[in-house]
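Trainee: pasting the structure only:
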């Protein structure tokens, strides 16, 4: 009797501490991601070794002129910096409150669209909003599963 009770209690304890298997949707998603990444990597390797002839890459490449890189006029840049400083001077505490609300929503995992709209209407800058989202979620890192 004692052995049966101990075995039952041990089984229940193990069931509570062992992690549950991942849901089927998660397994399917990771399998699909792995297969897509593998296929993309294999295709990239084939293109590099010229296995399939790719028109425009290996044969008949386009003859284009070098691109003219656009340069920002320093006067325009300085005017924009002054405009941004003036915006920050004239706005009221609504922008700070909207940024705080955006940060709280991001940390809670809520829908961010209403808070983003409120922040923009309160003259918060995109840079301020992105900095708060980055502090809540961390920087974006691409998937490295090949």
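Mentor: It's in. Since the structure is predicted, the reported quantities are computational estimates derived from the model, not experimental observations.
Trainee: drop to CA atoms for contacts and neighbour counts, all remaining ones
Mentor: Noted.
Trainee: any idea which helix or strand comes after the helix or strand of the chain with the lowest mean pLDDT?
Mentor: Among the helical and strand segments of the chain, the one scoring lowest on mean pLDDT, DSSP states H and E is helix 2-17, with a mean of 51. From helix 2-17 onward toward the C-terminus, using DSSP states H and E, the following helix or strand is helix 24-48.
Trainee: buried set for that next one?
Mentor: Along helix 24-48, the positions that meet the burial threshold by neighbour count (16 or more other CA atoms under 10 Å) are residue 37.
Trainee: now what about the next helix or strand after that helix, what contacts it?
Mentor: The element immediately downstream of helix 24-48 (helix or strand, assigned by DSSP H and E) is helix 74-90. Surrounding helix 74-90, the residues in contact under the criterion CA atoms under 8 Å, 6 or more residues apart in numbering are residue 123.
Trainee: which helices and strands does the helix or strand following helix 74-90 pack with?
Mentor: Once helix 74-90 ends, the next helix or strand along the chain (criterion: DSSP H and E) is helix 94-108. Helices and strands in packing contact with helix 94-108 are listed as helix 113-121, helix 126-137; criterion 3 or more CA pairs under 8 Å, 6 or more residues apart in numbering; DSSP states H and E.
Trainee: pull out the buried residues from helix 94-108.
Mentor: Under the neighbour-count criterion of 16+ other CA under 10 Å, helix 94-108 has 95, 96, 98, 99, 100, 101, 102, 103, 104, 105, 106 buried.
Trainee: quick check: angle from that helix to helix 113-121?
Mentor: 160 degrees (axes from the mean of the first three to the mean of the last three CA atoms, to 10 degrees).
Trainee: what mean pLDDT does helix 94-108 get?
Mentor: Confidence over helix 94-108, taken as the mean pLDDT, stands at 94.
Trainee: and if you look at stretch 125-136?
Mentor: 93.
Trainee: so how far is it from its chain's centroid?
Mentor: Averaging C-alpha coordinates over stretch 125-136 and over its chain gives two centres that are 13 Å apart (CA atoms, centre = their mean, to the nearest Å).
Trainee: show residues contacting that stretch.
Mentor: Here stretch 125-136 has contacts from 99, 102, 103, 106, 107, 116, 119, 120, using CA under 8 Å, 6+ apart.
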